[in-house]
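# Attaching a predicted model along with its sequence, questions to come.
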Amino acid sequence: MGDGFDYVLLFLVLFLICFGLVMVYSSSSYKGYVEYKNAAYFFNKQWKFALVGLFMMIGVSFIDYRNYRKIANLIYIGIVGATLAVLVIGRASHGATRWIQIGSIQFQPSEVAKLGLCIYVAAYSVNFNRILKRKGAKNIIVSHFMFVLPTLLPIGLIATENLSTAIICMAIVMGILIVLSPKWVIFGVLAVVAAAGLWAFLEFSKSYRMERIEVWKNIETHEKGYQTRQAMYAIGSGGLMGKGLGSSIQKMGFVPEAHNDMIFSIIVEELGMFGAVCLILLFVLMIWRFMLICTKSEDLFGALIVVGVLTHIAAQVWINIAVVTNLIPPTGVTLPFISYGGTSLIMLMIEMGVVLSVSRHTVEVGEA
């Protein structure tokens, strides 16, 4: 075992955060000035979140990740308790009840749940993996169902508050399951079951979720397709090299939440397709570093935590960009490290701290 601390990943995280701060300032300056008489209003809050996250990331990176396995069940109880608390004392904002407020502090339990699930499912699967290896082919479906079963409660609770986050959480579980037992026929069955469950949830849940599908199908004419249309105008006007940093027109009240979920559209407008491709390549490079850490991890628990974080980042980046470009129905998902949001940024940096902790306990491929 050696200290394989991944400085490349650390650099990528710091670069993305700095780039995110620049884009938060650029995309929110007009809104900040109009509403608060301070163009740097959102930027000032975001850099403070980033500073807190930086200290937490560094601190967590020095904690032996194997300690989390001992408290995995407590983490699971905490996830369920926090998501239940949202239903009881949750605070509504932007038409959704996803936040808990304690004094002046406001946070989203669903953001915390992503990391919590990575740790819990990794710990649960270390023991469960032995069961999978002992089962015959006739029992494999039951085995996979038993693996997924404990995660359905927290994911179901999250779905009532934030469907897109629930989908990301389910992706985390499936990503870890694929690594444990790569039987594609089983995943095809699970995918069909998940799709049917999603359809039933949409059909019988709040009507606005089905309405979003109608908005997506009729983006040019539906009155609630305004945000996506404006985002696509921003993307279309950016061209190859963009209008220049700070020169967006669409951020001036045309794209709602330009500094949040729709920040990718402002990036393309100001930096063009060249800037957008460079950003996507940075995320691809980050995922590659995750894969390297995973393959060199000292134990299965550490490897599966990294798989969970990898799946989280990949799924969230894809969903955000797909929503902005209207490839999928609109939903509220931030662009990791880039979009404005305190809970999201701090939890992402804590996740990176856990991954960096795993990177400290690695072995060279082929080493005993």
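It's in.

# ok, residue 127 to residue 150 distance?
12 Å (Cβ to Cβ, to the nearest Å). For every residue, glycine as well, the C-beta is placed using N, CA and C.

# repeat for residue 296
Residue 296 is 29 Å from residue 150, by Cβ to Cβ.

# the more surrounded of the two?
Remark: of residue 296 and residue 150, residue 296 carries more neighbours, 21 against 14, as counted by other Cβ atoms under 10 Å.

# how about low-confidence regions in the stretch 51-200 of the chain?
Flagging of the stretch 51-200 of the chain using pLDDT under 70 yields the residue ranges 90-99, 101-105, 107, 128-147, 181-200.

# I misspoke; the intended subject was the stretch 251-368 of the chain.
363-368.

# Try it again at 80.
332, 362-368 (pLDDT under 80).

# Check which helices and strands the longest helix seen in the chain is in contact with.
Across the chain, the helix with the greatest residue count (assigned by DSSP state H) is helix 263-296. On a contact count with 3 or more Cβ pairs under 8 Å, 6 or more residues apart in numbering; DSSP states H and E, helix 263-296 meets helix 7-36, helix 226-238, helix 300-324, helix 342-360.

# Mean neighbour count and distance to residue 245 for those helices - can I get that in a markdown table?
Formatted as a markdown table, those follow (neighbours: other Cβ atoms under 10 Å; distance: least, Cβ to Cβ, whole Å):
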| stretch | mean neighbour count | distance to residue 245 |
| --- | --- | --- |
| helix 7-36 | 19 | 6 |
| helix 226-238 | 20 | 12 |
| helix 300-324 | 23 | 19 |
| helix 342-360 | 24 | 21 |
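
# mind giving me JSON lines with those and columns for distance to residue 270?
Formatted as JSON lines, the helices and strands packed on helix 263-296 follow (distance: least, Cβ to Cβ, whole Å):
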{"stretch": "helix 7-36", "distance to residue 270": "7"}
{"stretch": "helix 226-238", "distance to residue 270": "7"}
{"stretch": "helix 300-324", "distance to residue 270": "14"}
{"stretch": "helix 342-360", "distance to residue 270": "21"}
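
# closest to residue 173 out of those helices?
Proximity of the helices and strands packed on helix 263-296 to residue 173 was assessed by Cβ to Cβ; the nearest stretch is helix 300-324, lying at 8.3 Å.

# can you give me the angle that closest one makes with helix 226-238?
Relative orientation of helix 300-324 versus helix 226-238 (axes from the mean of the first three to the mean of the last three Cα atoms, to 10 degrees): 90 degrees.

# Check the offset of helix 300-324 from the chain's centre.
6 Å (Cα atoms, centre = their mean, to the nearest Å).

# what's the answer for stretch 51-67, then?
19 Å.

# For it, give me every contacting residue.
5, 13, 17, 299, 301-302, 305, 345-346, 348-350, 352-354, 356-358, 360-361 (Cβ atoms under 8 Å, 6 or more residues apart in numbering).

# ok, now with 6 Å
Contacts with stretch 51-67, where a contact means Cβ atoms under 6 Å, 6 or more residues apart in numbering, come from 302, 345-346, 349-350, 352-354, 356-358.

# what's the answer for stretch 291-306, then?
Counting by Cβ under 6 Å, 6+ apart, residues outside stretch 291-306 touching it are 1, 6, 65, 69, 118, 122, 125-126, 176, 290, 307, 355, 358-359, 361-363.

# Quickly note the distance from residue 148 to residue 303.
Distance from residue 148 to residue 303, by Cβ to Cβ: 19 Å.

# just to revisit the earlier point, so which of the helices and strands packed on helix 263-296 is nearest residue 81?
helix 342-360 (16.8 Å).

# and the direction of the closest one versus that of helix 300-324, what angle?
Angle between the axes of helix 342-360 and helix 300-324 is 140 degrees (criterion: the same axes, to 10 degrees).

# what is the orientation angle of the longest helix of the chain with helix 7-36?
Using the same axes, to 10 degrees: helix 263-296 against helix 7-36 is 160 degrees.

# now helix 263-296: how far from the chain's centre is it?
With Cα atoms, centre = their mean, you get 14 Å for helix 263-296.

# Would you mind listing the buried residues in that helix?
The neighbour-count check on helix 263-296 (16 or more other Cβ atoms under 10 Å) flags 263-272, 275-276, 279, 283, 286-287, 289-290, 292-294, 296 as buried.

# Then stretch 117-127?
117-126.

# Report the backbone C-alpha coordinates of it in PDB.
Extracted C-alpha coordinates of stretch 117-127, given in PDB (Å, rounded to 0.1, in the frame of the first residue of the first chain):
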ATOM      1  CA  LEU A 117     -26.300   6.200  -0.600                       C
ATOM      2  CA  CYS A 118     -22.800   5.800  -2.100                       C
ATOM      3  CA  ILE A 119     -21.400   4.900   1.400                       C
ATOM      4  CA  TYR A 120     -24.400   2.700   2.500                       C
ATOM      5  CA  VAL A 121     -24.700   0.700  -0.700                       C
ATOM      6  CA  ALA A 122     -21.000   0.200  -0.900                       C
ATOM      7  CA  ALA A 123     -20.900  -1.100   2.700                       C
ATOM      8  CA  TYR A 124     -24.100  -3.200   2.200                       C
ATOM      9  CA  SER A 125     -22.700  -4.700  -1.000                       C
ATOM     10  CA  VAL A 126     -19.400  -5.800   0.600                       C
ATOM     11  CA  ASN A 127     -21.300  -8.400   2.600                       C
END
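
# can you list the residues that contact it?
Taking Cβ under 6 Å, 6+ apart as the rule, stretch 117-127 contacts 68-69, 72, 75-76, 169, 172-173, 176, 180, 300-301, 304-305, 308-309.
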